[in-house]
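Asker: structure for this input, please:
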Amino acid sequence: MKLNLLLSCFLLSAIISFAAPGDTIRVKTHDNVFIETNPSQGFTAYPSWGVFPAQGSNFHKAWFNLTFQCPTGENCGEWDYLNYIYIRRKDGVQGQSMDLELSRYITPYGNSYTSTWKASYKLDVSDMEALLRDSVEIEYRHTGYETNVGKGWKINLEFVFIEGTPSRPFRGINQLWNGQFSYGNAASPINEQLTPKNIAFSPITSSATLHIVQTGHAADNVQYCAEFCPKKRTLYRNDTVISDKDVWRDDCGLNPVYPQAGTWVYDRTGWCPGDLVFPDKINFNPTPGTTEEFKMEMEAFTNTDATQAPNYVIEAYLIEFGSPSRQLDASIEEILKPNTDFQYNRMNPICGAPQIKLMNKGTTNLTSVKFSYGVKDGPTSEYTWSGNLAFLASTLVDLAANVNWITSTGKFEVTIMEVNGSADGYALNNTMLSDFIAPLLVPETFVVSFKSNNAPQENAWYIEDAAGNVVENRSGFDPLTVYSDTLTLPTGCYTFVLQDFDKDGISWWANNDGTGFIRFRKANASTNIKSWGGDFGTELRVNFTTAIILGISETAETNALEIFPNPAQELVNVQFSAPLKEKGTLQIISITGQNIYQQELTALSSEFVSVNVSEIPSGIYFLSIKTATFSSQKRFLIVR
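Answerer: Reported below is the predicted structural model:
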């Protein structure tokens with residue numbers, strides 16, 4: 001099946017688009033829709049018509065936002081069921097039938113969730129956004145056979161478009177393989193079902209993407225195929241291998257939806273419960289106007305378990321594009337850290353190095369990109385990435401951890417300043433914003449309290465500073481033993497990581513490992529600063545900052561200090577409750593632990609000292625006073 005949407009030069013010049021470059025257009029097709037199973041047929045369809053941008057509109061980026069939550073007055077769904085987002089019809093009820101799968105999602109094991117549970121997801125659909133024009137019928141399809149009495153889900157689905165010139169003009173889309181294919185059936189081998197496809201490329205096609213979504217389901221009792229067995233998939237273009245990889249996801253234990261009631265930690269064939277299914281994309285340059293053959297082959301497997309019917313659900317398209325629009329184009333595709341979006345909750349909030357996704361959308365390889373970043377409208381830092389990034393390739397970039405977090409909540413902004421030593425060829429994808437919140441704040445001295453379970457060999461923990469240096473670590477535990485490690489960390493930014501090498505946490509219902517716990521506790525007290533559940537899968541990662549103020553001793557209380565004005569501009573005054581009787585050190589420390597200013601103090605006859613901060617940039621800081629018998633610290637702001 002081939003669906004060509006070829007836009008002639010005449011049409012492009014005749015149709016007026018009312019959006020301006022950089023404008024955002026939002027189209028919501030599903031608004032608080034309650035979805036439930038239909039056990040009699042195994043699926044329920046929820047179609048909805050959306051009024052999308054007019055034909056002839058141009059967008060350089062598009063994505064959808066999907067929210068998934070428990071419905072009001074009902075329980076969440078229980079099982080991990082396939083869900084789909086389809087483009088069904090265009091141009092009204094009598095219009096063209098498309099029947100294209102835009103995305104796939106697997107529901108979480110939601111049996112234990114309360115009515116407040118909610119998850120949200122974002123997926124780029126820029127390659128297919130040209131199909132979303134004028135009136136389009138979008139169908140959300142929920143599958144499954146569990147009872148629909150008293151349980152279901154509530155969804156919202158919104159499409160977002162950013163106006164601008166696409167990196168490649170869309171030419172058409174070809175459906176290669178779609179549907180459910182039995183796997184391991186000796187009477188019908190899967191490679192006979194996946195017949196080769198011949199594609200006649202348009203004369204105006206010079207770039208193409210092979211887009212594949214593939215998930216495995218059912219499990220035999222020998223190799224646990226096709227849900228739990230990594231099997232190799234080979235793709236051929238004119239008998240030349242263009243991709244050779246296992247169909248597998250090995251990161252289910254890092255799922256942003258955790259914990260879940262079922263076997264969510266097990267890695268699976270192309271999917272994880274409670275997450276989107278991410279497509280594989282293979283880019284290449286065909287010769288315009290030629291015909292090429294494409295084949296898919298799966299690794300051999302024979303099912304000997306008559307009680308199971310292993311299968312793959314496959315949706316594969318070949319999308320055609322014209323010549324790339326730009327030679328030099330570095331694009332910021334996403335900010336992963338800092339970000340308050342649900343799908344990045346495993347790595348946020350942060351106090352250290354921001355992380356972004358960089359993509360090359362121009363034909364010239366990227367060898368260096370200079371970034372400016374920081375809290376919006378605050379001080380900025382610069383970082384230059386170097387590498388060799390080809391057209392449409394992407395990479396994650398860790399920016400230097402020297403952000404001056406001037407507020408505990410706000411907007412983080414990153415901008416591309418230079419590409420390959422010069423100005424970028426396209427500015428609209430050079431800047432991005434994200435929301436941030438402050439991470440956990442703990443005393444400078446605190447206790448890591450860890451109770452092992454019956455499989456202590458699976459666990460280890462470590463703490464890194466903002467530069468990535470391991471400053472504390474612990475392993476070699478005995479079974480069912482409580483370990484309390486008192487740590488003293490200078491004021492700064494740190495990351496605590498508790499690893500589970502079997503990817504099943506320290507408390508999980510589906511094994512015999514028993515129950516452990518992990519807590520941060522105040523020193524010399526039984527009070528918990530923070531405790532975490534043990535059903536975390538592969539690892540528990542916590543970013544935090546330290547400060548003495550949360551653990552002031554009795555001596556510190558009797559020599560308490562006050563800072564004014566706060567916020568400060570040019571001068572900060574330190575007021576003691578009594579004169580300082582001995583030598584000491586005054587320090588101003590950034591939130592990431594950098595020593596910004598230091599002054600040695602002699603014994604003071606007065607209760608007052610002033611510090612000039614006019615050369616220190618705006619931001620959040622700690623002012624620390626330490627002597628042999630006294631220590632105290634206050635947080636303050638410099639704002640100009």
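Asker: Arg133 and Asn58, how far apart?
Answerer: 11 Å (C-beta to C-beta, to the nearest Å). Just so you know, the C-beta spots here come from the backbone N, C-alpha and C atoms, and that holds for glycine as well.
Asker: find the nearest non-adjacent residue to Ser207, please.
Answerer: Phe321 (4.3 Å; C-beta to C-beta, 6 or more residues apart in numbering).
Asker: care to break the chain down by domain?
Answerer: 2-163, 176-321, 330-437, 441-549, 552-638 (automatic domain parsing).
Asker: what about the first one, average pLDDT?
Answerer: Predicted confidence along domain 2-163 averages 88 (mean pLDDT).
Asker: ok, the second one next?
Answerer: Summarised as a single mean, pLDDT over domain 176-321 is 97.
Asker: can you list the domains of the chain in CSV and add distance to Pro169 and mean neighbour count?
Answerer: Listed next are the domains of the chain as CSV, based on distance: least, C-beta to C-beta, whole Å; neighbours: other C-beta atoms under 10 Å:
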stretch, distance to Pro169, mean neighbour count
domain 2-163, 8, 17
domain 176-321, 6, 18
domain 330-437, 13, 18
domain 441-549, 41, 18
domain 552-638, 44, 16
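Asker: now the strands for the stretch 101-250 of the chain?
Answerer: 118-124, 135-143, 151-163, 170-182, 197-200, 207-217, 231-237, 240-247 (DSSP state E, counting those that start in this stretch).
Asker: packing partners for the third one?
Answerer: Contacts defined by 3 or more C-beta pairs under 8 Å, 6 or more residues apart in numbering; DSSP states H and E place strand 151-163 against strand 24-35, strand 59-69, strand 75-76, strand 135-143.
Asker: neighbouring strands of it in the sheet, and parallel or not?
Answerer: strand 24-35 (antiparallel), strand 59-69 (antiparallel), strand 75-76 (parallel) (DSSP bridges).
Asker: related to what we said a few turns ago, measure the residue nearest to Ser207 to Leu392 for me?
Answerer: For Phe321, the distance to Leu392 - C-beta to C-beta - is 10 Å.
Asker: ok, Trp49 next?
Answerer: With C-beta to C-beta as the criterion, Trp49 and Leu392 are 32 Å apart.
Asker: and for Asp251?
Answerer: 23 Å.
Asker: same question for Leu399.
Answerer: 23 Å.
Asker: what's the answer for Pro286, then?
Answerer: Counting by C-beta to C-beta - Pro286 and Leu392 are separated by 15 Å.
Asker: before we move on, what about Thr72?
Answerer: Distance from Thr72 to Leu392, by C-beta to C-beta: 43 Å.
Asker: okay, which residue is most central for the protein?
Answerer: With distances taken as C-alpha atoms, centre = their mean, the residue of the chain nearest its centroid is Tyr344 (3.8 Å).
Asker: so what's the closest residue to it other than its chain neighbours up against?
Answerer: Leaving aside its sequence neighbours, Tyr344 sits nearest to Leu336 (C-beta to C-beta, 6+ apart; 5.5 Å). When contacts are counted by C-beta atoms under 8 Å, 6 or more residues apart in numbering, Leu336 touches Tyr344, Met347, Gln355, Ile356, Lys357, Leu396.
Asker: which SSE is Leu336 in?
Answerer: In the assignment (DSSP states H and E), Leu336 maps to strand 330-337.
Asker: each with direction, which strands does that strand pair with?
Answerer: For strand 330-337, using DSSP bridges, the partner strands are strand 355-360 (antiparallel).
Asker: returning to what we had before: a markdown table for the contacts of Leu336, including distance to Val369?
Answerer: Formatted as a markdown table, the contacts of Leu336 follow (distance: C-beta to C-beta, whole Å):
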| residue | distance to Val369 |
| --- | --- |
| Tyr344 | 22 |
| Met347 | 22 |
| Gln355 | 14 |
| Ile356 | 10 |
| Lys357 | 12 |
| Leu396 | 13 |
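Asker: pick the one among those closest to Gly152.
Answerer: Proximity of the contacts of Leu336 to Gly152 (C-beta to C-beta) peaks at Tyr344, which lies at 26.8 Å.
Asker: per-residue confidence for Asn524?
Answerer: Asn524 is given a pLDDT of 83.
Asker: repeat that for the one 3 residues further on.
Answerer: At Thr527, the pLDDT value in this model is 87.
Asker: repeat that for the one 4 residues further on.
Answerer: Per-residue confidence for Ser531 comes out at a pLDDT of 92.
Asker: perfect, that will be all.
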